[in-house]
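Trainee: Below is the sequence, then the predicted model.
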2 protein chains.
Amino acid sequence: MLSKKTKYAIKALVALGKNVENPPMQIVRLAEQEMIPRKFLEQILLDLRNAGYLYSKKGAGGGYSLNKNAADIYLADILRITDGPIAMVPCASLKFYRKCDECHDEKTCGIRKTFIDVRDATLQVLSRTSVADVIARENIDDLLV
Amino acid sequence: MLSKKTKYAIKALVALGKNVENPPMQIVRLAEQEMIPRKFLEQILLDLRNAGYLYSKKGAGGGYSLNKNAADIYLADILRITDGPIAMVPCASLKFYRKCDECHDEKTCGIRKTFIDVRDATLQVLSRTSVADVIARENIDDLLV
DNA sequence: AATAAAGACTACTTATCCAATAGACTTTGT
DNA sequence: ACAAAGTCTATTGGATAAGTAGTCTTTATT
């Protein structure tokens, strides 16, 4: 399951993606609009900012805006910032590889191989879906689901 | 990330899958062999047994064995027993559907649609991979990875 | 029948980590 | 100078995962 942190992060990015034509959005407004606890959102935005996805401005008239094109912000990267690894076992992770505690021999581990397949299937979706795609899908009556 | 419970469950099923020609295996032996805390393994085996995947016999000479063909035990079903939903958000779950707390309108939620795709991609692998497949992959030098 | 070897079941403990909160600090516009 | 913003670090509370303990039940063997 996604952490709330990640869900909030995505919602915030989507909201900011829809706000690109307007002046930067304040944390408080964003928190109210998306029903996210203000102080928690604060931390999340900080993380996204430090990772280069958001631009922030202090002081009166300040706030947050996207620092990249919404089409260039992929969910896979966001998940990694807020939740860490995408793979279901550490030994199958691309970006956060770690040996499994109980593993005898990684080279022949059938579990690992299976979960590498799962990871690839997941990334097939998440590393191709951008914030812009999420926004686009909001309005389409998705007949294929 | 998979819980240890799930990882242990899969390891246990794989070990029992390799043991089909022999008499049932005792918890203690299984725990030692797979490096799983004995009492924890006990509970896990119980769950798998109550779900119909294992057969157990009490008393001297007793132990555990598979109650189905290893080829008919799919990882997706095991995960659901030990970890619950496979989807990353409750509103995208097939078997454990639940409305998301923060969701305004599920019908138009772009996040939901995306994570339904992720779920489907994951299930594409997990609901087709059986314990027998995992065992089979242990010995193959997988040139495609 | 007695005994020992197993699993069945329930309750409890501990530790970790997510989610949320608090508060003091810094920057910037007016 | 002051108010409106974001920055940063620490702390708390609660849920849940992981592991532990103990008692009960069944069964094979002698």
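Mentor: Structure's in. What do you need? Numbering: from 1, shown residues only, chains lettered A, B, ... in the order given.

Trainee: which bits of chain A sit near DNA strand D?
Mentor: Within chain A, the positions near DNA strand D by Cβ under 7 Å from any atom of the strand are A:24-28, A:39, A:42-43, A:45-46, A:49-50, A:56-64. Placement of C-beta: from N, CA and C, glycine included.

Trainee: Let's see that with 10 Å instead.
Mentor: Residues of chain A found near DNA strand D (Cβ under 10 Å from any atom of the strand) are A:1, A:23-31, A:38-43, A:45-50, A:54-65, A:101-102.

Trainee: Run through who's touching stretch A:82-100.
Mentor: With Cβ atoms under 8 Å, 6 or more residues apart in numbering or on different chains as the test, stretch A:82-100 has contacts from A:2-3, A:5-6, A:9, A:44, A:47, A:76, A:79-80, A:103, A:106, A:109, A:111-112, A:115-116, A:118-119, A:122-123, A:126, B:1-2, B:7.

Trainee: Which ones, among the residues you listed, also lie beside DNA strand C?
Mentor: Contacts with DNA strand C within these, counted by Cβ under 10 Å from any atom of the strand: A:Leu2, A:Ser3, A:Lys5, A:Thr6, A:Ile44, B:Met1.

Trainee: So which of those residues wins on neighbours?
Mentor: A:Ile44 (23 neighbours; other Cβ atoms under 10 Å in any protein chain shown).

Trainee: ok so it is a helix residue?
Mentor: Yes - membership of A:Ile44 in a helix is supported by DSSP: H, G, I helix; E, B strand; the rest coil.

Trainee: can you pull the pLDDT of the residue sitting furthest away from the middle of chain A?
Mentor: In chain A, counting by Cα atoms, centre = their mean, A:His104 sits farthest out from the average C-alpha position, at 33.2 Å. A:His104 is assigned 78 on the pLDDT scale.

Trainee: Centroid-nearest residue for chain A?
Mentor: The centre of chain A sits closest to A:Ile78, judged by Cα atoms, centre = their mean, with a distance of 2.6 Å.

Trainee: Quick check: that residue is in a strand.
Mentor: No - counting by three-state DSSP, A:Ile78 is not part of a strand but helix.

Trainee: Please name the nearest non-neighbouring residue to it.
Mentor: Among residues not flanking A:Ile78 along the chain, A:Ala9 sits closest, at 5.6 Å (Cβ to Cβ, 6 or more residues apart in numbering or on different chains).

Trainee: Read off the pLDDT value for the one you found.
Mentor: A:Ala9 carries a pLDDT value of 98.

Trainee: Buried ones in stretch A:45-54, by neighbour count?
Mentor: A:Leu45, A:Leu48, A:Tyr53, A:Leu54 (16 or more other Cβ atoms under 10 Å in any protein chain shown).

Trainee: Make a markdown table out of the residues you listed and add pLDDT and secondary structure.
Mentor: As requested, these are arranged in a markdown table below (pLDDT from 0 to 100; DSSP: H, G, I helix; E, B strand; the rest coil):
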| residue | pLDDT | secondary structure |
| --- | --- | --- |
| A:Leu45 | 98 | helix |
| A:Leu48 | 98 | helix |
| A:Tyr53 | 98 | coil |
| A:Leu54 | 98 | strand |
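
Trainee: Farthest-apart pair in these, please.
Mentor: Based on Cβ to Cβ, the longest span within the buried residues of stretch A:45-54 runs between A:Leu45 and A:Tyr53 and measures 9.5 Å.

Trainee: ok, residues contacting the lengthiest helix in chain A?
Mentor: Ranked by residue count and defined by DSSP state H, the top helix of chain A is helix A:110-126. The contact list for helix A:110-126 (Cβ under 8 Å, 6+ apart) reads A:74-76, A:79, A:86-89, A:91-94, A:100, A:103, A:106, B:2, B:7, B:10-11, B:14, B:75, B:114, B:117-118, B:121-122, B:124-126, B:129, B:133-138, B:142, B:145.
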